[in-house]
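Student: what's the 3D shape of this:
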Amino acid sequence: MRPEHLTYLVDPKTKQPLKLKITKQSGPHVMAGELYNQQNSYPLIDGIPQLLEEKQPAAPPSFIEHQKKTADSFAYEWNTIYQENPFEKQNFLHFLSPFVKESDLKDKLLLDIGCGSGRFTKQAALSGAKVVIATDVGDCVSAAFDLTKDLPNVCIVQADVYHMPAQHFADLAFSIGVLHHLPQPQAGFSLLPATVKPGGRLLIWVYNRRHNFRAVYIFEGLRKISRHIPKPLLFTLCYLPAFAVHGINFFTHALNRLHAKSLAKKIPFSYYANFPFSMKLNDAFDVLATPKSNYYYVEEINTWFKEAKLQSIQTYEHPEAGITAVGRCP
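Tutor: Residues are numbered from 1 along each chain as shown. From the prediction side, this is the model:
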């Protein structure tokens, strides 16, 4: 981390400010040290503050096990499989749409909750954000740090959605493709408005249940088996569905060349038509390896936002079966 980013972080337990003790620095980054206050201390290892709760006595064993398996699955995915590609900006802005545009990010304080490889963190930073704090609970933060370490407006932090190291910080906090994998998704969501400054916005993207037969009834059935397969073997097997999607995408391209664009959009997996094979492989593993996914109706997500006392709530159901929702903190 860069020392100047300390001012944006708080103790995830007490929400109090932290101090920084530096034991190793490389260029602009503090590579080793400690973040601390009178109550608690947290290590800073390989450039990344590890602001994690060591013990969660109130959490049942099943909750902790779910968190660990999910974190391990995504760490393998982002550290081993992910390859950066030229379509990440397009993908990022798609998930934010239609409520947040690239121009809305300029000079803003942003919070990327569940950053994974840091691919969207990087795009947010390149869009002109003042600072992007990006968090994830798993070891994938190493990949995120490597991807963004040359950007002076990015700080990668290892932290848990249920114990965020930010308080009334963000002009915009976003969580894309994360909450539906949590052991207690709505409980996790209910804690996120506190990370946003008054008048700021909170945006999420989650899986849509409506018109999503393929995912709910086919992918989930396969996942019950595939999630138990050793990760290296599953990764190899994922070449089969990735090649299948890649082949189907040729029909989308053919229809587009024939100027039958409305029909092309109805071809399965048309969303992936312009994406590289590596992204299809990555997403195939994502679908089949994750311990659990939840699917929601937009009416349920509206309820989440209302119960969290958010205002100016807007929701949008994307054609590829995702929901973008945004609300403003009073």
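
Student: where does pLDDT dip in the stretch 1-150 of the chain?
Tutor: Filtered on pLDDT under 70, the stretch 1-150 of the chain yields the residue ranges 54-58.

Student: and the helices in it, which stretches?
Tutor: 61-76, 88-96, 119-126, 141-148 (DSSP state H, counting those that start in this stretch).

Student: list the buried ones in the second one?
Tutor: Within helix 88-96, the residues that qualify as buried by neighbour count (16 or more other Cβ atoms under 10 Å) are 88-89, 91-96. The C-beta positions use only the backbone N, C-alpha and C, and glycine is treated the same way.

Student: out of the helices of the stretch 1-150 of the chain, which is closest to residue 174?
Tutor: helix 88-96 (6.9 Å; Cβ to Cβ).

Student: what's next to that closest one, contact-wise?
Tutor: The contact list for helix 88-96, computed with Cβ atoms under 8 Å, 6 or more residues apart in numbering, reads 101-102, 119-120, 122-124, 126, 174, 176-177, 203, 205, 275, 318, 322, 324.

Student: likewise stretch 20-34?
Tutor: Contacts of stretch 20-34 (Cβ under 8 Å, 6+ apart): 1-3, 6, 35-36, 41-47, 149, 152.

Student: just the buried residues from those, in PyMOL please.
Tutor: Restricted to buried positions by 16+ other Cβ under 10 Å, the PyMOL selection for the contacts of stretch 20-34 reads:
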select buried, resi 1+2+6+35+42+44+47+149
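
Student: how about CSV for the buried residues of helix 88-96, with distance to residue 283 added?
Tutor: Output for the buried residues of helix 88-96, formatted as CSV (distance: Cβ to Cβ, whole Å):
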residue, distance to residue 283
88, 13
89, 17
91, 11
92, 15
93, 18
94, 14
95, 13
96, 19
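
Student: can you classify residue 205 by secondary structure?
Tutor: Under DSSP: H, G, I helix; E, B strand; the rest coil, residue 205 falls in the strand class.

Student: residues contacting it?
Tutor: Residue 205 touches 95, 174-177, 322-325, counting by Cβ under 8 Å, 6+ apart.

Student: likewise for residue 71?
Tutor: Contacts of residue 71 (Cβ under 8 Å, 6+ apart): 136-140.

Student: may I see those residues organised as CSV, with neighbour count and distance to residue 109 added?
Tutor: Converted to CSV, the contacts of residue 71 look like this (neighbours: other Cβ atoms under 10 Å; distance: Cβ to Cβ, whole Å):
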residue, neighbour count, distance to residue 109
136, 30, 19
137, 22, 22
138, 22, 24
139, 16, 26
140, 27, 23
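
Student: for the most centrally placed residue in the chain, which non-adjacent residue is closest in space?
Tutor: Nearest to the geometric centre of the chain sits residue 114, at 3.6 Å (Cα atoms, centre = their mean). Nearest non-adjacent residue to residue 114, counting by Cβ to Cβ, 6 or more residues apart in numbering: residue 178, 3.1 Å away.

Student: before we move on, what's the pLDDT of that neighbour?
Tutor: For residue 178, the pLDDT comes out at 96.

Student: run a quick neighbour tally on it.
Tutor: 25 (other Cβ atoms under 10 Å).

Student: sorry, back to before: of all the contacts of residue 71, which comes closest to residue 62?
Tutor: residue 137 (16.4 Å).
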